[in-house]
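Participant: The following block contains a protein sequence and its predicted model.
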Amino acid sequence: MVDADSSEHAAQTARIVDMGDDRMLGVCEDGRRIWLEGAVVPGDVVSFQPEGKGGCVTRILLPAEGRLDPPCPWFESCPGCALQPLPYTQQLELKSSRVVESLRRMGGVEKVPFGGITGSDQAFGTRNKLDLTLAHDRLGYRGHDGGIVEIEDCMLGDSRLREWIPRIRNWIQAEPDHGLHRCLLRTDSARSGVWVMFRGSLSDTHRTYWAEQLGTSGLSGVGVQQDWTRPWQVIAGNLRIPFELAGQHHDVEADAFFQVNDVLADTLVRSVIRRLKAGHVGSVLDLFCGTGAFTLPAAESADRVLGLDSRPGKGPFLKADLRKGIPPKVLHTRWHTVITDPPRSGMEQRLIRQLRDQVQPNRLLYISCNPATLARDIKRLTAKGLYRLVHVEAFDLFPQTPHVETCCELERNP
């Protein structure tokens, strides 16, 4: 029971006005802004229980206009698809606003040159990868409380992957002492195969079972990794996934990063390359290049290209830990254009200083999946007045979630 006489613990009311990655921003009746956890969307008026500096939603008092019944039966407990109750067009509007407002408020950009957002052709079934948690006979995602939300399906995944969720669920329920704690499901760009990657330990009997599944329902490879410090072991098939992106072929290691929505990622890459070709290309340095999604097509029009990454693919790449900055030999080479696609945490301050104060490219194309860290880094890059933001464009690679991919183009001031 909530003590109605306690102002500290009594339930309060707020209108949800904005979204973060895993929480929603509410405005209370007295004007206070507070981050709330719960299955709500912008526009909802809710009752919440204060918890520390935030709160937990207890009830929806007035649903947002146009609110839909979420199609996923696990929506209330699973935090992955927070925007399911909103029509897809409204999701795109919210994400556009999030990008613009982040750059304006946190990035210090007075007039954001926003060129719009490109949505996915499909609102569901876009992901080529699902990352599942296992615990004895349970399979699912981590919930709001840190426990496992057991699922039987995931509407975000491609149909190839969804077919394997009940198969794996049935197997772990029959073999609850399997010794696994994670399962990664992936498919290729042609959607012709499925790769099952386990983390944990598998007995010889279990390895034999999974080896015998090769070829079943498109199963192309099975691997296991005892923990993240150990190498992957091939149980059956191969552990390299073929992708075609913007006219380039990529063989991706089964646990390596690749865009989860490769269909729209193709549009993103082609858009970035068009922006690249619209001006003087010259020499191109591609940071956090991965398998070369941008490096390889950029090479077609550049005088010289080099991609840097901690796990680079095969090609004009160099292994480098960019958390420690750009290697000296690369740093002191003239680069006309820089492309950077860092992880969600953005770029280290040292790397930003190197780009702004030493490399000083004519143009910088920054691709990000986190509007907050993007805005922070744009502010740092433009801090000395050497660069200006000339174009911003968003791509909804993550329908039903608050996440959005953004490309920003900066030019050096004369």
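Facilitator: Good, I have the coordinates. Note that the structure is a prediction, hence the values are computed from the model and not measured.
Participant: Which residues are in contact with Val27?
Facilitator: Ala14, Arg15, Val17, Arg33, Ile34 (C-beta atoms under 8 Å, 6 or more residues apart in numbering). For the C-beta atoms, the positions are set from N, CA and C on the backbone; glycine is no exception.
Participant: Check for me that Cys408 belongs to a strand.
Facilitator: Yes: counting by DSSP: H, G, I helix; E, B strand; the rest coil, Cys408 is located in a strand.
Participant: still on that earlier bit, I'd like the contacts of Val27 as TSV, with pLDDT and secondary structure appended.
Facilitator: Formatted as TSV, these follow (pLDDT from 0 to 100; DSSP: H, G, I helix; E, B strand; the rest coil):
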residue	pLDDT	secondary structure
Ala14	97	strand
Arg15	97	strand
Val17	95	strand
Arg33	96	strand
Ile34	96	strand
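Participant: Compare those residues and tell me which has the most neighbours.
Facilitator: Counting neighbours by other C-beta atoms under 10 Å, Ala14 comes out on top of the contacts of Val27 with 25 neighbours.
Participant: Need the nearest residue in space to that one, chain neighbours excluded.
Facilitator: The shortest distance from Ala14 to any non-neighbouring residue, by C-beta to C-beta, 6 or more residues apart in numbering, is to Gly26 (3.2 Å).
Participant: and the one you found, how far is that from Ser47?
Facilitator: From Gly26 across to Ser47, the span is 10 Å (C-beta to C-beta, to the nearest Å).
Participant: again with His336
Facilitator: 56 Å.
Participant: Same drill for these two, tell me which one is more crowded.
Facilitator: Using other C-beta under 10 Å as the criterion, His336 and Ser47 rank with His336 on top: 17 against 14.
Participant: what's near enough to touch that one?
Facilitator: His280, Val281, Gly282, Ser283, Val284, Asp303, Pro361, Asn362, Arg363.
Participant: Phe258 too?
Facilitator: For Phe258, the contacting residues are Asn128, Lys129, Ile241, Phe243, His250, Val252, Gly290, Thr291, Ala293, by C-beta under 8 Å, 6+ apart.
Participant: can you do 7 Å?
Facilitator: Phe243, Val252, Thr291 (C-beta atoms under 7 Å, 6 or more residues apart in numbering).
Participant: same question, Ser220
Facilitator: Here Ser220 is in contact with Gly193, Val194, Trp195, Gly237, Asn238 (C-beta under 7 Å, 6+ apart).
Participant: centre of the chain versus the helix or strand hosting it, how much separation?
Facilitator: Secondary structure assignment for Ser220, by DSSP states H and E: strand 219-225. Centroid displacement of strand 219-225 relative to its chain, using C-alpha atoms, centre = their mean, to the nearest Å, is 23 Å.
Participant: could the contacts of Phe258 be laid out in JSON lines, adding pLDDT, secondary structure and neighbour count?
Facilitator: Converted to JSON lines, these look like this (pLDDT from 0 to 100; DSSP: H, G, I helix; E, B strand; the rest coil; neighbours: other C-beta atoms under 10 Å):
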{"residue": "Phe243", "pLDDT": "97", "secondary structure": "strand", "neighbour count": "21"}
{"residue": "Val252", "pLDDT": "94", "secondary structure": "strand", "neighbour count": "22"}
{"residue": "Thr291", "pLDDT": "93", "secondary structure": "coil", "neighbour count": "25"}
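Participant: give me the number of residues near Gly91?
Facilitator: Not Gly; residue 91 is Gln. 27.
Participant: Which helix or strand contains it?
Facilitator: Using DSSP H and E, Gln91 falls in helix 88-105.
Participant: Run through the neighbouring helices and strands of the helix or strand following that helix.
Facilitator: Next helix or strand after helix 88-105 toward the C-terminus (DSSP H and E): strand 114-118. Applying 3 or more C-beta pairs under 7 Å, 6 or more residues apart in numbering; DSSP states H and E, one finds that strand 114-118 contacts helix 88-105, strand 387-395.
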